[in-house]
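Participant: pasted the sequence and its predicted model underneath.
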Amino acid sequence: MNAHRESKGTGAGRSDAAHREDPQDSVRRATAERAADPDPAHAAETEEPGPNSDRADRAEAPELGANSDPAYEAEAPARGDPSAEPSQKRRIAHSEASRAVAPRPLVSRSDSPASGAASPSAPDGPPRRKRAEKSQARREAILAAALDEFTERGFALTRIDDVARRAGVGKGTIYLHFKDKEALFQQLVITMLGPVVAQLARLPDVDEPVRSVLERVFALFATEVYGTKRPEVLRLVLAEGPRFPHLAEFYYRHVVEPATTMLRRLLDRACARGEIRQERLSQFPQLVVAPALVAIIWRGLFDRFEPLDMAGLMRAHLDLLFAPGDGP
């Protein structure tokens, strides 16, 4: 019985040894069989692949593709080289086992976002610009609707719902841009009159006679204020300022004060040069712009009864300011 077990164990050992046959022996045996095969289709494969054979490289190392591993390709010659070191073969076997366990990436390295290529889901420039343009268009529509609502109803009676309906947007869209109704009015003042104030602030730096500079001021008023919807903001402040003094203060800080500061600088320089004899104009620059306020009020109340020649009014005012006199 022991002999039977030994014989059986010996047979099992031979079977295990057969299963552990060196892969290189299998390659040599297959090569010899192909060499003995008269089939012309196999005649080109009779040469045993070696480590320096181009055909062996092509067979063992396929052409790099989108999902190929360069480290795996670099090991291809060693896998078919009988003279490779045992440690190198163990590294190759470990690498192949790791690749068998780890799934292949669905996206190649060249297509990954880290490689610098544009991701399909990443927003590019033009869509972002389009969104910004749409947002700016909605903002402008809201401001235009707010001006119309404030003009028709007054500040107290205007509701955000009415502004949204006129602008063609949702009520929530308005609150995305403006905190409340007062913030909407403040932005209306800055948007409509801020550019005009900025142009006025640069005029004292113009090295011209003061009358020429004031003619520029009145020309700017005629084209950028009087002939536009900007006077509606001033009329709104005149009508609602007593009830809402914080609105009047905001208008004063952002429009009236910068304008009077500019005029004082301009008139001080004119007095120093002897261009004007009435030094009290520098003390009361409101006298210089008084005709502009009269023209706005007149147009809103009485222009339909008696149209006002605003340009003629400004020329007459300048003639009075710069008329020769005997002194203060």
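Facilitator: Thanks, I have it. All values derive from a computational prediction rather than experimental measurement.

Participant: list of residues touching stretch 295-308?
Facilitator: Outside stretch 295-308, the residues that touch it by CB atoms under 8 Å, 6 or more residues apart in numbering are 225-226, 231, 234-235, 238, 310, 313. Just so you know, the C-beta spots here come from the backbone N, C-alpha and C atoms, and that holds for glycine as well.

Participant: how about that stretch: buried residues?
Facilitator: Buried positions in stretch 295-308, judged by neighbour count with 16 or more other CB atoms under 10 Å: 295-296, 298-299.

Participant: what are the ranges of the helices in the stretch 51-200 of the chain?
Facilitator: Using DSSP state H, counting those that start in this stretch, the helices of the stretch 51-200 of the chain run over residues 54-60, 70-74, 76-79, 86-101, 125-153, 160-167, 171-177, 181-202.

Participant: which of the contacts of stretch 295-308 sit farthest apart?
Facilitator: For the contacts of stretch 295-308, the maximum inter-member distance is 19.4 Å, found between L238 and L313 (CB to CB).

Participant: sorry, back to before: now, which of the buried residues of stretch 295-308 sits nearest F185?
Facilitator: Using CB to CB, these come closest to F185 at I296, 18.3 Å.

Participant: any of the contacts of stretch 295-308 buried? List them.
Facilitator: In the contacts of stretch 295-308, the ones that pass as buried (16+ other CB under 10 Å) are 225-226, 231, 234-235, 310.

Participant: hmm, who's touching the helix or strand hosting L214?
Facilitator: Using DSSP states H and E, L214 sits within helix 210-221. For helix 210-221, contacts defined as CB under 8 Å, 6+ apart pick out 196, 199-200, 203-204, 206, 266-267, 269-270, 273, 275-276, 288, 292, 314, 318, 321-322.

Participant: and that helix, what's buried?
Facilitator: Result for helix 210-221 [16+ other CB under 10 Å]: buried residues 210, 213-214, 217-218, 221.

Participant: reformat those as a markdown table; add pLDDT and distance to D162.
Facilitator: Formatted as a markdown table, these follow (pLDDT from 0 to 100; distance: CB to CB, whole Å):
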| residue | pLDDT | distance to D162 |
| --- | --- | --- |
| V210 | 92 | 46 |
| V213 | 93 | 43 |
| L214 | 94 | 41 |
| V217 | 93 | 36 |
| F218 | 94 | 36 |
| F221 | 94 | 31 |
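
Participant: tell me the two of those that are most distant?
Facilitator: Among the buried residues of helix 210-221, the pair separated by the greatest distance (CB to CB) is V210 and F221, at 16.3 Å.

Participant: ok so, going back, return the member of the helices of the stretch 51-200 of the chain having the minimum mean pLDDT.
Facilitator: Ranked by mean pLDDT, these bottom out at helix 54-60, which scores a mean of 40.

Participant: let me see the contact set for T191.
Facilitator: Contacts of T191 by CB under 8 Å, 6+ apart are L143.

Participant: oops, could you answer that again for T261 instead?
Facilitator: With CB under 8 Å, 6+ apart, T261 has no contacts at all.

Participant: let's verify it: helix, strand, or coil?
Facilitator: With DSSP: H, G, I helix; E, B strand; the rest coil as the basis, T261 sits in helix.
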